[in-house]
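Enquirer: sequence first, then the predicted structure:
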Amino acid sequence: MDFPLCSFGSSKLRTAKIFAVRDDFSPRQNPQKSSVPSVSSALCFWLRPYSFCCALILLFAQPFFAAATPKKEARPGLPARIQAILSQPQFASAEWGIHVIDAEHGDVIYSLNSSRLFVPASNGKLLTTTAAFALVGPEHRFRTTVETSGTLDDQGRLTGDLIIVGRGDPNLSGRTLPYQTKTERLSPAAWILEELAGQLVQKGVKSVRGDVIGDDSFYSAQRFPDGWAQDDLQWGDGAPVSALSFNDNVLVLRIQPGEHAGDKAQIEFDPPLAYYDVDNRVTTSAEGVPRKIGVHRDPGSLKVYVWGSLPVNGQPAIEAIAIEDPAEYTAHLFRMLLEKRGITVTGAAYARHADVAQFFDQPPAQPAAGAPASLPVLAEHISLPLGEDLKVINKTSQNLHAELALRLVARTTEAGGSVEGSVAALKAWLLRAGLHEEDFYVQDGSGLSRRDLITPAGMVQLLAYASRQPWAAAFEETLPVAAVDGSLAERFLKSPAAGLVRAKTGTLGHVNALSGYGQTLSGKKFIFSIFCNNHNQPSSKIVGAIDSIVTLLVDDGRAAKTRSLTTEQRKAVSRESTRINANQNQ
């Protein structure tokens, strides 16, 4: 009988058969001896001399068997998985900067170009809002007053000027506060000015024999920080900075198609004040024709050009354009609201700006001899706490509000209300937070300036410092939550990161960023900053890569897969939404 004892490919099978034979032959297994030998007993007896050799062959052949068995490859580590994302061909020209640390111990989890300077875009708002928390405090409230330089007689005649004094309130608008999961404007834009006008009526004012003045001298008249692009200035993103701001310093154009093809479109402003001279060249096109609208206004001009076409029965086009001089506009609007209430105004409406030089090397102008130290207040509005607006800044990435917050920091720290004073105050704050001068270069408070620079390590240092402050929890509350609210409401929807990341987004042309706090699925907390500059891809592709990296961090370095939310993630998102709503209802 022929036995292929050295057949390596079936070693396990052969070994099993041999040992099964030996077990059958064992007296322990078969104590009853048979007078007639069985076939198996005979076979085993015949093989017994060869069993030792067979065992030796199998023993020495084992390494060969192991080599023939394919090994399972080890899963690549976190650096390799991140590099796999960044090394995709479409990112070849992009510059990436990443820094991630363990939140508890400060150990570096991952770092790439972390000491290089990058344009942070709206991640710059993290610098401003942390400064506001630390140096002003979230309980600060803004006070807007209506004052007079004249006297009010018993007939309701106010002889003298009526002055609306702004002190930097960013929310003289219809914005719903506290902020919920998205921006809402349920009230008319001018409801606060309406309220102030109503207070004058209650005081018995029936006529104003003087001018209506919008006073924004609380801050310097410098409307734009250095490094803002000219093409941003006509839109809401580049709205001018003023201590007397109204409706985010934008006007809404509502462009409505005519009844018939060929008709000129109708353009209305909200609020309905004829502030700009509009050159309307928009026509009504046939039904089904794609809409096309263009809007242009030169900086410093009150002339707005609007052109293009809207189809018959189509939806109106909505465009928000910046107000050239917010204080002047507010004065005109307030005059109109007074007249609606039957208060006659004999004078003009205009703005009163501060002398820019007084914020530098010259003291402010002194009041004339005999003039009162302060003017009588006829009406006032007190804002909600600053903390509510810091949430608006970070959740919605509101540029104007960020600039106003930085001016407030400068005023509070006695650096003045100028652009230069604001930058000096911010620089002092960052140095106090542990950053070095070579870690940053700032020119504004919103990140709209392309001259702003910061290293990923510097950003993480700031966030780590903030996490140890008494106001840390309140600050983290201002950040968008992945898949829940703000600028992250539509990101990480099918990701392990849903509900586990709080971070600030940043977007400019060829720039994307995300920095903030995260928690892994195993409960470990981390702090991160990711910058991508000088790319030539659609923003969505860069955002996708950033989100994949963050998902790897949350998923403890495992593969980032698109998936539905797990039960625990849904609970996290639900808890976050419930907590947000509960805080708003308090």
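Expert: Nice, thanks for sending it over.
Enquirer: could you find the closest non-adjacent residue to residue 82?
Expert: Of all residues not flanking residue 82 in the chain, residue 549 sits nearest, at 5.6 Å (Cβ to Cβ, 6 or more residues apart in numbering). Yep, even glycine has a C-beta here, placed from its N, CA and C like the rest.
Enquirer: let me see the confidence value for the one you found.
Expert: Looking at residue 549, its pLDDT is 97.
Enquirer: mind checking which helix or strand it is in?
Expert: Taking DSSP states H and E as the criterion, the element that holds residue 549 is helix 539-554.
Enquirer: still on that earlier bit, now do the contacts for the residue nearest to residue 82.
Expert: Applying Cβ atoms under 8 Å, 6 or more residues apart in numbering, we find residue 549 in contact with 82, 85, 98, 530.
Enquirer: show me which residues of the helix holding residue 549 are buried.
Expert: Along helix 539-554, these residues count as buried under the neighbour rule (16 or more other Cβ atoms under 10 Å): 541-543, 545-554.
Enquirer: tabulate these (CSV), appending distance to residue 263.
Expert: Putting those into CSV (distance: Cβ to Cβ, whole Å) gives the following:
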residue, distance to residue 263
541, 42
542, 43
543, 41
545, 47
546, 47
547, 46
548, 50
549, 52
550, 51
551, 51
552, 56
553, 56
554, 55
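Enquirer: and residue 98, that's in a helix?
Expert: No: assessed with DSSP: H, G, I helix; E, B strand; the rest coil, residue 98 is strand; it does not lie in a helix.
Enquirer: so what's it closest to, chain neighbours aside?
Expert: residue 112 is the one closest to residue 98 (Cβ to Cβ, 6+ apart), at 4.4 Å.
Enquirer: that neighbour against residue 95, yeah?
Expert: No: using Cβ atoms under 8 Å, residue 112 is not in contact with residue 95; the gap is 10.2 Å.
Enquirer: where does the protein have low pLDDT?
Expert: 1-75, 361-373, 557-586 (pLDDT under 70).
Enquirer: got the domain ranges for it?
Expert: 8-68, 78-138+385-585, 143-382 (automatic domain parsing).
Enquirer: which residues touch residue 550?
Expert: Applying Cβ under 8 Å, 6+ apart, the residues near residue 550 are 482, 492, 497, 501, 503, 514, 518, 528, 530.
Enquirer: now flag whichever of these is closest to residue 175.
Expert: Closest approach between the contacts of residue 550 and residue 175, by Cβ to Cβ: residue 503, at 22.9 Å.
Enquirer: wait, what's in contact with the closest one?
Expert: Residue 503 sits in contact with 479, 480, 482, 488, 514, 515, 516, 517, 518, 528, 550, where contact means Cβ under 8 Å, 6+ apart.
Enquirer: for those, which single residue is the most surrounded?
Expert: residue 482 (32 neighbours; other Cβ atoms under 10 Å).
Enquirer: am I right that that one is in contact with residue 490?
Expert: No: contact between residue 482 and residue 490 fails when scored by Cβ under 8 Å: they sit 10.2 Å apart.
Enquirer: where do the helices sit along this protein?
Expert: 11-25, 39-68, 78-86, 125-135, 191-202, 326-340, 386-396, 399-412, 419-432, 456-466, 472-477, 539-554, 567-585 (DSSP state H).
Enquirer: can you name the residues bridging to the closest residue to residue 456 other than its chain neighbours?
Expert: Among residues not flanking residue 456 along the chain, residue 99 sits closest, at 3.8 Å (Cβ to Cβ, 6+ apart). Beta-bridge partners recorded for residue 99 (DSSP bridges): residue 111, residue 529.
Enquirer: quick check: residue 99 vs residue 421, distance?
Expert: Using Cβ to Cβ, to the nearest Å, residue 99 is found at 30 Å from residue 421.
Enquirer: still on that earlier bit, quick one: contacts for the residue nearest to residue 456?
Expert: When contacts are counted by Cβ under 8 Å, 6+ apart, residue 99 touches 108, 110, 111, 112, 114, 455, 456, 457, 459, 460, 528, 529.
Enquirer: count the neighbours of the first one for me.
Expert: Put plainly, it is residue 108. 12.
Enquirer: re earlier: closest to residue 140 among the contacts of residue 549?
Expert: Distances from residue 140 to the contacts of residue 549, taken by Cβ to Cβ, are shortest for residue 530, at 31.7 Å.
Enquirer: wait, residue 487 sits on residue 392?
Expert: No: look at residue 487 against residue 392 with Cβ under 8 Å: they stay out of range, at 11.7 Å.
Enquirer: more crowded one of the two?
Expert: Neighbours per residue, other Cβ under 10 Å: of residue 487 and residue 392, the larger number sits with residue 392, 22 against 19.
Enquirer: quick check: the more buried one touching residue 399?
Expert: No: applying Cβ under 8 Å, one finds residue 392 not in contact with residue 399, separated by 11.3 Å.
Enquirer: the closest residue to residue 203 other than its chain neighbours and residue 146: what is the separation?
Expert: Distances taken as Cβ to Cβ, 6+ apart place residue 378 nearest to residue 203, at 5.5 Å, with adjacent residues excluded. Here the criterion is Cβ to Cβ. By it, residue 378 lies 5 Å from residue 146.
Enquirer: residue 379 now?
Expert: Taking Cβ to Cβ, one finds residue 379 at 4 Å from residue 146.
Enquirer: again, but for residue 239
Expert: From residue 239 to residue 146 the distance is 23 Å (Cβ to Cβ).
Enquirer: give me the more crowded residue out of these two.
Expert: Shown here are residue 239 and residue 146; by other Cβ under 10 Å, residue 239 has more neighbours (28 against 25).
Enquirer: just checking, the more buried one touches residue 247?
Expert: No: taking contacts as Cβ under 8 Å, residue 239 lies outside contact range of residue 247: 9.5 Å.
Enquirer: could you list every residue that touches the closest residue to residue 326 other than its chain neighbours?
Expert: Counting by Cβ to Cβ, 6+ apart, residue 326 lies nearest to residue 242, which is 4.0 Å off, once chain neighbours are set aside. Neighbouring residues of residue 242 by Cβ under 8 Å, 6+ apart: 166, 216, 219, 223, 249, 325, 326, 327.
Enquirer: same thing but at 6 Å, please
Expert: 216, 326, 327 (Cβ atoms under 6 Å, 6 or more residues apart in numbering).
Enquirer: neighbours of the last one, how many?
Expert: Taking other Cβ under 10 Å as the neighbour definition, residue 327 ends up with a count of 26.
Enquirer: pretty sure it contacts residue 351?
Expert: Yes: Residue 327 is in contact with residue 351 according to Cβ atoms under 6 Å; the separation is 3.8 Å.
Enquirer: now do the shared contacts for these two.
Expert: residue 214.
Enquirer: buried residues, stretch 195-215. List them.
Expert: Buried positions in stretch 195-215, judged by neighbour count with 16+ other Cβ under 10 Å: 196-197, 200, 205-208, 210-215.
Enquirer: would you check which pair of those lies furthest apart?
Expert: 206 and 215 (23.2 Å).
Enquirer: between the contacts of residue 503, which is nearest residue 297?
Expert: Among these, residue 480 lies closest to residue 297 (Cβ to Cβ), at 31.2 Å.
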